[in-house]
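1. okay, structure incoming, though there's no sequence with it:
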């Protein structure tokens with residue numbers, strides 16, 4: 001077995017530690033900056049090597065106990081072995097690096113707001129099934145790691161994990177989407193319909209008191225669970241809607257975004273979801289909110305009833321066709337793929353002079369900032385928020401002006 005010694009310099013965006021060996025970049029999972037390690041290559045490319053740790057020769061001072069027996073096997077977290085303050089620093093560095101590399105923007109000191117809660121913070125998860133139970137997939141694999149508990153998941157999600165360990169019928173299911181509502185759990189089973197599948201749904205409902213769906217279809221008259229958001233009435237959540245995974249940091253993000261939007265102005269919000277920002281903004285200004293998901297848009301309309309909000313249902317690029325461009329500010333919160341080219345073009349031709357961009361992917365954010373800069377937009381501020389502690393993921397809120 002070929003091995004060589006390596007010192008880890010930093011953490012890369014997708015969670016790997018990065019070192020250099022004989023003029024080659026080496027990516028090593030579950031390593032930490034400052035580690036001196038012995039590694040063996042598992043994949044060689046023209047410009048880089050992927051390797052795994054054989055032995056830790058000298059551990060980094062940034063290492064800490066993972067406090068999870070599944071860490072290193074389960075792929076749900078990448079950084080449980082890294083001190084939390086170092087995780088935040090790494091996320092700030094990664095956002096800065098991506099902005100400079102893809103947008104040509106230098107932002108040396110980015111603040112990443114810590115999550116107020118770092119254990120049991122997840123109220124939403126997509127689990128994969130095996131004969132032994134439910135869990136997340138292994139790193140670089142489609143194989144599920146059966147879990148008895150997850151320290152990042154809420155107690156009701158952990159109750160589902162414990163329950164599934166004793167029921168081999170879960171292996172018939174390809175995925176289980178679970179959302180922890182304010183008073184009960186929602187479980188959505190994805191699998192080929194069968195008598196056994198509906199019997200499993202009946203058992204989950206009886207034993208856990210959950211609202212159960214099969215392939216996005218309800219199995220009982222109760223069709224939703226209630227989830228409180230910072231503003232507006234509780235969301236009546238059902239499959240097909242999007243809800244933030246970490247409600248603790250989401251509260252801070254919503255309040256921060258509201259502080260950035262000019263009052264007494266006409267606001268356009270794209271990718272509004274169920275109204276995470278809309279309901280709060282509608283209390284202080286006029287807003288037009290656009291949402292592409294039929295389920296989310298129906299809930300958005302219900303939650304905005306009686307408020308100064310106009311709701312438009314349909315994909316952003318289509319909803320913008322023929323829409324009045326006379327807005328003072330625009331708020332966007334797109335999925336990981338970022339803004340479609342048609343949306344960027346429309347924003348560039350609008351009358352707005354303020355753009356607030358909420359992003360869950362700093363790589364596509366950097367790409368979009370470069371596109372927007374071509375029409376005179378410039379980045380005024382950016383702040384990170386730790387939506388997913390112990391992972392490489394980071395949420396950002398940017399303000400662009402022109």
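-> Yes, it's here. These numbers were taken from a predicted model, which means no experiment stands behind them. Residues are numbered from 1 along each chain as shown.

2. residue boundaries of the helices in this protein?
-> Ranges of helices in the chain, per DSSP state H, are 84-98, 155-164, 195-208, 247-260, 278-281, 294-304, 316-319, 341-349, 362-373.

3. which among the ones you listed is found nearest to residue 384?
-> Between residue 384 and the helices of the chain, the tightest spacing by Cβ to Cβ is seen for helix 84-98, at 5.8 Å. Backbone N, C-alpha and C define where each C-beta goes, glycine included.

4. what residues does stretch 43-63 touch?
-> With Cβ atoms under 8 Å, 6 or more residues apart in numbering as the test, stretch 43-63 has contacts from 1, 3, 5-6, 8, 16, 21, 24-42, 81-83, 86.

5. what is the end-to-end distance of it?
-> Start-to-end span of stretch 43-63 (Cα to Cα, to the nearest Å) is 25 Å.

6. how far off centre is it?
-> With Cα atoms, centre = their mean, to the nearest Å as the basis, stretch 43-63 stands 26 Å off its chain's centre.

7. returning to that earlier point: deepest of the helices of the chain, which one?
-> Greatest average neighbour count among these goes to helix 278-281 (a mean of 24), per mean count of other Cβ atoms under 10 Å.

8. wait, residue 256 sits on residue 397?
-> Yes. The pair formed by residue 256 and residue 397 meets the contact definition of Cβ atoms under 8 Å, at 6.0 Å.

9. circling back to that earlier point, just put the helices of the chain in JSON lines and tack on mean pLDDT.
-> Formatted as JSON lines, these follow (pLDDT from 0 to 100):
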{"stretch": "helix 84-98", "mean pLDDT": "97"}
{"stretch": "helix 155-164", "mean pLDDT": "98"}
{"stretch": "helix 195-208", "mean pLDDT": "96"}
{"stretch": "helix 247-260", "mean pLDDT": "98"}
{"stretch": "helix 278-281", "mean pLDDT": "97"}
{"stretch": "helix 294-304", "mean pLDDT": "97"}
{"stretch": "helix 316-319", "mean pLDDT": "96"}
{"stretch": "helix 341-349", "mean pLDDT": "97"}
{"stretch": "helix 362-373", "mean pLDDT": "98"}
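
10. okay if I get those as JSON lines plus distance to residue 136?
-> Below are those laid out as JSON lines (distance: least, Cβ to Cβ, whole Å):
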{"stretch": "helix 84-98", "distance to residue 136": "18"}
{"stretch": "helix 155-164", "distance to residue 136": "10"}
{"stretch": "helix 195-208", "distance to residue 136": "19"}
{"stretch": "helix 247-260", "distance to residue 136": "20"}
{"stretch": "helix 278-281", "distance to residue 136": "31"}
{"stretch": "helix 294-304", "distance to residue 136": "25"}
{"stretch": "helix 316-319", "distance to residue 136": "31"}
{"stretch": "helix 341-349", "distance to residue 136": "32"}
{"stretch": "helix 362-373", "distance to residue 136": "22"}
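
11. ok, now which ones touch residue 16?
-> Residue 16 sits next to 27-29, 31, 50, 78 when contact means Cβ under 8 Å, 6+ apart.

12. who wins for most neighbours among these?
-> residue 31 (28 neighbours; other Cβ atoms under 10 Å).

13. now that one. Nearest residue, chain neighbours left out?
-> Closest residue to residue 31 apart from its sequence neighbours, by Cβ to Cβ, 6 or more residues apart in numbering: residue 17 at 3.1 Å.

14. and stretch 191-206, how far from the chain's centre?
-> Using Cα atoms, centre = their mean, the offset of stretch 191-206 from its chain centre is 29 Å.

15. quick one: contacts of that stretch?
-> With contacts defined as Cβ under 8 Å, 6+ apart, stretch 191-206 is touched by 163, 167, 169-170, 172-174, 187, 189, 210-215, 219-220.

16. what's the single longest strand in the protein?
-> Longest strand of the chain, by residue count under DSSP state E: strand 48-58.

17. buried stuff in that one?
-> Neighbour counts over strand 48-58 (16 or more other Cβ atoms under 10 Å) mark 49-51, 53 as buried.

18. distance of residue 259 relative to residue 244?
-> With distances taken as Cβ to Cβ, to the nearest Å, residue 259 is found 18 Å from residue 244.

19. no no, residue 402
-> In terms of Cβ to Cβ, residue 402 sits 29 Å off from residue 244.
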